[in-house]
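Asks: One predicted model, sequence on top.
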Amino acid sequence: MVTSVDLAYDYPVLGAFWTVMWIFLWVMWLVLLFRIVVDIFRDHEMSGWAKAAWLLFLILIPFLGVLVYVIARGGNMGRREIKHAQEQQEAFNAYIREAAGSPSPGKATADDLVKLSELRAKGELNDEEFRQAKEKLLA
């Protein structure tokens, strides 16, 4: 004779809801904790001793440390995040310009000037057009 075991019978829906709620809050707290640790290391205005003190506070008393950090320094966390994202975007754009071989904005390369002089030598540009194009490249 086979007996079936109903595992979910003793676990009501409200109990499942609270379990999911606690897991969600725990994951949210971990995400906040790691964002704070990243923010501590990202802040270049904070001294090394202050960073060490905040990290020690977060390790020894994590819940209170997170709460105090968000109250004391939470207002500028977003600004530091935006600044970091802008720096990353600028570095990415510079890398793309370098990899593609295009000059930085406002910088003329020798190749551009050679092409311009070749157009002048072929007669496709007169002296005035050549002078204007050269000034535009060198500006």
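Replies: Arrived safely.
Asks: What residues does the residue nearest the centre of the chain make contact with?
Replies: The geometric centre of the chain, computed from its C-alpha atoms, lies nearest to A85 (CA atoms, centre = their mean), at 3.4 Å. Contacts were defined as CB atoms under 8 Å, 6 or more residues apart in numbering; by that measure A85 touches no other residue. Where C-beta positions appear, they are placed from N, C-alpha and C, glycine not excepted.
Asks: separation between it and A99?
Replies: Distance check for A85 against A99: by CB to CB, to the nearest Å, it reads 21 Å.
Asks: Outline the domain layout of the protein.
Replies: Taking automatic domain parsing as the criterion, the chain consists of the domains 10-75, 105-139.
Asks: shaky segments in the chain?
Replies: Residues of the chain meeting the criterion pLDDT under 70: 1-10, 101-109.
Asks: any chance you could map the helices in it?
Replies: Counting by DSSP state H, residue ranges of the helices within the chain are 13-42, 48-60, 62-73, 77-100, 110-122, 127-138.
Asks: in the third one, what counts as buried?
Replies: The neighbour-count criterion (16 or more other CB atoms under 10 Å) identifies 65-66, 69, 73 as the buried residues of helix 62-73.
Asks: same thing with the fourth one?
Replies: Within helix 77-100, the residues that qualify as buried by neighbour count (16+ other CB under 10 Å) are 77, 80.
Asks: chain center to it: distance?
Replies: Averaging C-alpha positions (CA atoms, centre = their mean, to the nearest Å) puts helix 77-100 7 Å from its chain's average.
Asks: Ok, the second one next?
Replies: Computed by CA atoms, centre = their mean, the separation of helix 48-60 from the middle of its chain amounts to 23 Å.
Asks: That helix versus helix 13-42: what angle between them?
Replies: Orientation of helix 48-60 against helix 13-42 (axes from the mean of the first three to the mean of the last three CA atoms, to 10 degrees) gives an angle of 160 degrees.
Asks: can you check the third one too?
Replies: Comparing the axes of helix 62-73 and helix 13-42 via the same axes, to 10 degrees yields an angle of 50 degrees.
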